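> pasting the sequence and the predicted coordinates here, then a few questions.
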Amino acid sequence: MATEQRITISLSSLVLLAAAVPALVLLWQLRSLLLLVMISIVLACSIAPVVDWAEKYRVPRWLAVVLVYLTLAGVLTGVGLIIGPTVFEQLERLVRQVPISLRSLLTQAQTWVMMLNDERPELTSELFNQVIDVQSIISWVIRSSQQLLVRSYGVTTGILGGFFSLVLALFLSGYMLADSRTLIKNFTRLLPEPWDERIANQVGPASERIGGYIRGRLLVSALLAVFTTVSLSFIGMQDFAVGLGAIAGVTNLIPFLGPILGAIPALVVAISQGGWVLLWVLILYVVIQNLETYILDPLLVGSSVGVHPLYQLLAVLGGTQVLGIIGALIVPPWVAGGAVLLENLYLRPKLLAERQRRRQSAQVATSLEAVPVESNVG
């Protein structure tokens, strides 16, 4: 006889379900603020080891935060003053060169098509011009780039709003660093036992993982920017080497996809400078891609992330889909930090519990084998 199964829903479950809906709506309305907090936490985790090191030498934590930010601002300002004018000049020249290179590429393609059709070259040329419009291609490229930037700055009110958001993120990250212990203590007090102590113990490892990812990513990008600039200068692209190196440094902040994005403007410019230059540029960026994937990332980033490369790639693609370029930069370190919680709060206790059960089963089996078997002799 089949037994009836009844599903009972308690009043507390209904209350939680009813409260979850407005909470989700509120979080959606505050998504810009949440993203700003995420960026601030990533910045704070990146700078935390320097602040902790200064605190060991009896420097007040708030003073260490101020000194670190002033040092970073001074270094960035100095680098900007040294190479900034050259970078902007070459980027401006690069923007003017791209349409010329695209027209050159399409002209060569048209020539190849006409060579394949010697009987009616004028018909081929007319058909080619109708199908492929250089101006439309250029407009499409510009429009696609603008859409990506709009998505990236969707949480702000444009470039000016993005600048103020960055300043606010720096201010929030500084406040988090200066009073991190109090903030962590107040947050974990809201959690029930024993999760309050468990989460508090994992803040440090998760912070180290997030900060290690960002520091490794910045170091990889800086090395590849210098390598790209020097290499392009050697192969005959001195007029664009610094600008393309700066582009490579920025795009390589995005793992996996960065070298590909950085190679596109270099290849477009190389088209107008002849076949050998184009070949050398193509070889150079293939080397850069493999250098990042197989040497620099495992050496400088992989050891601090602890996440399989496939999951890193999915994090980059998902972050780009939702938040544009900002998502590609911010989501991977959060995935790295989440991997710490998953490992220490679930996978490791699960593994220990399985080992304990196997050990107990082995002890029970051993004790049963040691019991003597009594025989009755009639």
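Good, I have the coordinates. Residues are numbered from 1 along each chain as shown.
> when you work out contacts or count neighbours from here on, use the C-alpha atoms and nothing else.
OK.
> so how far is the host helix or strand of G74 off the chain centroid?
Using DSSP states H and E, G74 sits within helix 61-116. Distance of helix 61-116 from its chain centroid, counting by C-alpha atoms, centre = their mean, to the nearest Å, is 20 Å.
> just the CA trace of the helix or strand where G337 lies, in CSV.
Element membership for G337, per DSSP H and E: helix 325-342. Extracted in CSV, the C-alpha atoms of helix 325-342 (Å, rounded to 0.1, in the frame of the first residue of the first chain):
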residue,chain,number,x,y,z
ILE,A,325,35.4,45.5,-19.1
ILE,A,326,34.9,46.2,-15.4
GLY,A,327,33.3,42.8,-14.9
ALA,A,328,36.2,41.1,-16.7
LEU,A,329,38.6,42.8,-14.1
ILE,A,330,36.5,42.4,-11.0
VAL,A,331,34.7,39.1,-11.2
PRO,A,332,37.8,36.7,-11.4
PRO,A,333,39.4,37.9,-8.1
TRP,A,334,36.0,37.4,-6.4
VAL,A,335,35.8,33.9,-7.8
ALA,A,336,39.3,33.3,-6.4
GLY,A,337,38.2,34.5,-3.0
GLY,A,338,35.0,32.4,-3.2
ALA,A,339,37.2,29.4,-4.0
VAL,A,340,38.8,29.8,-0.6
LEU,A,341,35.5,29.7,1.2
LEU,A,342,34.4,26.7,-0.9
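> which strand or helix spans the nearest residue in space to A248 that is not next to it in sequence?
Take A248 and drop its neighbours on the chain: the residue closest to it by C-alpha to C-alpha, 6 or more residues apart in numbering is G262, 4.8 Å away. If you go by DSSP H and E, G262 is part of helix 258-271.
> which residues touch that helix?
Helix 258-271 is contacted by residues 94, 97-98, 101-102, 104-105, 237, 244, 247-248, 251-252, 277-278, 281-282, 285, 288-289 when judged by C-alpha atoms under 8 Å, 6 or more residues apart in numbering.
> pull out the buried positions in the following helix or strand past that helix.
Next helix or strand after helix 258-271 toward the C-terminus (DSSP H and E): helix 275-291. By 16 or more other C-alpha atoms under 10 Å, the buried positions in helix 275-291 come out as V277, L278, W280, V281, L282, L284, Y285, I288, Q289.
> and the residues you listed, which is closest to V15?
Minimum distance to V15 across the buried residues of helix 275-291 is 52.7 Å, recorded for Q289 (C-alpha to C-alpha).
> just the pLDDT for the closest one.
Here the pLDDT value assigned to Q289 is 85.
> with adjacent residues omitted, what lies nearest to it?
In space, and not counting its chain neighbours, Q289 is closest to P259: 5.7 Å by C-alpha to C-alpha, 6+ apart.
> roughly how far apart are the one you found and W195?
42 Å (C-alpha to C-alpha, to the nearest Å).
> for the spatially most central residue of the chain, give me its contacts.
The residue lying closest to the centre of the chain (C-alpha atoms, centre = their mean) is L329, at 3.2 Å. Applying C-alpha under 8 Å, 6+ apart, we find L329 in contact with L253, I254, V316, G319.
> isn't V281 up against L232?
Yes - counting by C-alpha atoms under 8 Å, V281 does reach L232; the two are 7.5 Å apart.
> can you show me the CA trace of stretch 61-80 as PDB?
Taking C-alpha atoms only, stretch 61-80 is exported to PDB below (Å, rounded to 0.1, in the frame of the first residue of the first chain):
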ATOM      1  CA  ARG A  61      47.300  51.800  10.600                       C
ATOM      2  CA  TRP A  62      45.500  54.900   9.300                       C
ATOM      3  CA  LEU A  63      48.900  56.600   8.700                       C
ATOM      4  CA  ALA A  64      50.100  53.500   6.800                       C
ATOM      5  CA  VAL A  65      47.000  53.700   4.600                       C
ATOM      6  CA  VAL A  66      47.600  57.400   3.800                       C
ATOM      7  CA  LEU A  67      51.300  56.800   3.100                       C
ATOM      8  CA  VAL A  68      50.600  53.900   0.700                       C
ATOM      9  CA  TYR A  69      48.000  55.900  -1.200                       C
ATOM     10  CA  LEU A  70      50.200  58.900  -1.500                       C
ATOM     11  CA  THR A  71      53.100  56.700  -2.700                       C
ATOM     12  CA  LEU A  72      50.900  55.100  -5.300                       C
ATOM     13  CA  ALA A  73      49.500  58.400  -6.500                       C
ATOM     14  CA  GLY A  74      53.100  59.800  -6.800                       C
ATOM     15  CA  VAL A  75      54.300  56.700  -8.800                       C
ATOM     16  CA  LEU A  76      51.300  56.800 -11.100                       C
ATOM     17  CA  THR A  77      51.700  60.600 -11.600                       C
ATOM     18  CA  GLY A  78      55.400  60.200 -12.300                       C
ATOM     19  CA  VAL A  79      54.800  57.500 -14.900                       C
ATOM     20  CA  GLY A  80      52.100  59.500 -16.500                       C
END
